[in-house]
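Engineer: starting from these lines, generate the structure:
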Amino acid sequence: MTFLAAIGAFVLGALAAVGRVSIFAFDTVSHLARPPWYPREFGVQILQIGWNSLPVVGLTTIFTGGALALQIYAGGARFSAEAVVPQIVAIGMVRELGPVLVGLMIAARVTSSVAAEIATMKVTEQIDALVTLSTHPMKYLTLPRVLAATVVMPVLVAVGDIIGIMGGFVVGVQRLGFNASTYLTNTIDFLEWIDIVSSLSKGAVFGFIAALMGCYFGMRSERGAAGVGSATKGAVVAASVLILAANFILTEMFFAG
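Structural biologist: Residues are numbered from 1 along each chain as shown. As a prediction, the model looks like this:
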């Protein structure tokens, strides 16, 4: 009975956590329709989440695209299928690797930063000060970050897809001996609109998840330095797991048929 009780407690705790996150997400989205709004804070978050993330996104995707080209060429050589490198690099980066890698990089960089910032504000009672000044913390802290991440993530994913494909192109042409024009032609001809739409849609969902988890764990942080560290760690772990789970669900939605 003790074992069954432990399983029941775990399930109930998990369901309660899902409920809390769902209510938090609904509360965040509902503030879109109610003034006041803070466009300046939204613009600051666009720069911090979008522009400042470009270097890590570019470095991650260009090396991944190059490594993917090498792996596909080595694997295809076993079946005399080396010519499929441009097509597989393109579909692999656009459908899966681009959105997922960018999402995980944003979870590592942005989610941790947002969680630590908001948790520190809670520990130092700055959030209480906002309430005293009649400023809703959800409107001033959560909504601009979640909205900015949702807006800029498709752009980051598009940039990451392009850079990753170009990484594969450079390796394919310089290292593997492909003709440059033929490589680009095969890449463009093989991609379809559904691939691009799915990639950008995943980016928007991943951005929403990453920022929401940072804000959620930051708002629920406990007092003290240990509470800030725990909130940051929990936010990154939750965002990473949810991004991978959402990737599976979205892939099923777009390509199951």
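Engineer: quick check: residue 84 touching residue 76?
Structural biologist: Yes. In this structure residue 84 lies within contact range of residue 76 using Cβ atoms under 8 Å: 5.8 Å. Quick note: C-beta positions are derived from backbone N, CA and C, even for glycine.
Engineer: SS state for the residue nearest the centre of the chain?
Structural biologist: The centre of the chain sits closest to residue 103, judged by Cα atoms, centre = their mean, with a distance of 2.3 Å. Secondary structure for residue 103, judged by DSSP: H, G, I helix; E, B strand; the rest coil, is helix.
Engineer: which ones are touching it?
Structural biologist: 153, 157, 202-203, 206-207, 209-210, 243, 247 (Cβ atoms under 8 Å, 6 or more residues apart in numbering).
Engineer: most surrounded residue in the residues you listed?
Structural biologist: Most neighbours among the contacts of residue 103, by other Cβ atoms under 10 Å: residue 210, with 35 neighbours.
Engineer: so how far is residue 152 from that residue?
Structural biologist: Residue 210 sits 11 Å away from residue 152, going by Cβ to Cβ, to the nearest Å.
Engineer: ok, now residue 24?
Structural biologist: Counting by Cβ to Cβ - residue 24 and residue 152 are separated by 21 Å.
Engineer: also residue 9?
Structural biologist: Here residue 9 is placed at a distance of 40 Å from residue 152 (Cβ to Cβ).
Engineer: out of the two, which sits in the more crowded spot?
Structural biologist: Per other Cβ under 10 Å, whichever of residue 9 and residue 152 has more neighbours is residue 152, with 24 against 10.
Engineer: so the more buried one, which state does it fall into?
Structural biologist: helix.
Engineer: got a list of what it touches?
Structural biologist: 46, 49-50, 207.
Engineer: grab the nearest non-local neighbour of it.
Structural biologist: residue 50 (3.4 Å; Cβ to Cβ, 6 or more residues apart in numbering).
Engineer: give me the neighbour count for residue 28.
Structural biologist: By other Cβ under 10 Å, neighbour count at residue 28 equals 21.
Engineer: check which helix or strand covers it.
Structural biologist: helix 2-30 (DSSP states H and E).
Engineer: same for whichever helix or strand comes after that helix, what does it pack against?
Structural biologist: As assigned by DSSP H and E, the chain's next helix or strand after helix 2-30 is helix 39-45. Using 3 or more Cβ pairs under 8 Å, 6 or more residues apart in numbering; DSSP states H and E, the elements in contact with helix 39-45 are helix 143-174.
Engineer: contact partners of the helix or strand just after the helix it packs on?
Structural biologist: Next helix or strand after helix 143-174 toward the C-terminus (DSSP H and E): helix 180-190. Helix 180-190 is contacted by residues 85-87, 89-91, 165, 169, 172-173 when judged by Cβ under 8 Å, 6+ apart.
Engineer: run the angle between helix 180-190 and helix 143-174 for me.
Structural biologist: 140 degrees (axes from the mean of the first three to the mean of the last three Cα atoms, to 10 degrees).
Engineer: next, the buried residues of helix 180-190.
Structural biologist: Judged by neighbour count using 16 or more other Cβ atoms under 10 Å, the buried positions of helix 180-190 are 183-184, 186-187, 190.
Engineer: can you get me a residue count around residue 7?
Structural biologist: Applying other Cβ under 10 Å, I find that residue 7 has 10 neighbouring residues.
Engineer: quick check, pLDDT for it.
Structural biologist: Per-residue pLDDT puts residue 7 at 88.
Engineer: what do you get for residue 242?
Structural biologist: 95.
Engineer: look up how far residue 202 lies from the residue nearest to it when sequence neighbours are not counted.
Structural biologist: Leaving out its chain neighbours, the residue that sits closest to residue 242 by Cβ to Cβ, 6+ apart is residue 209, at 4.9 Å. Distance, residue 209 to residue 202, using Cβ to Cβ: 10 Å.
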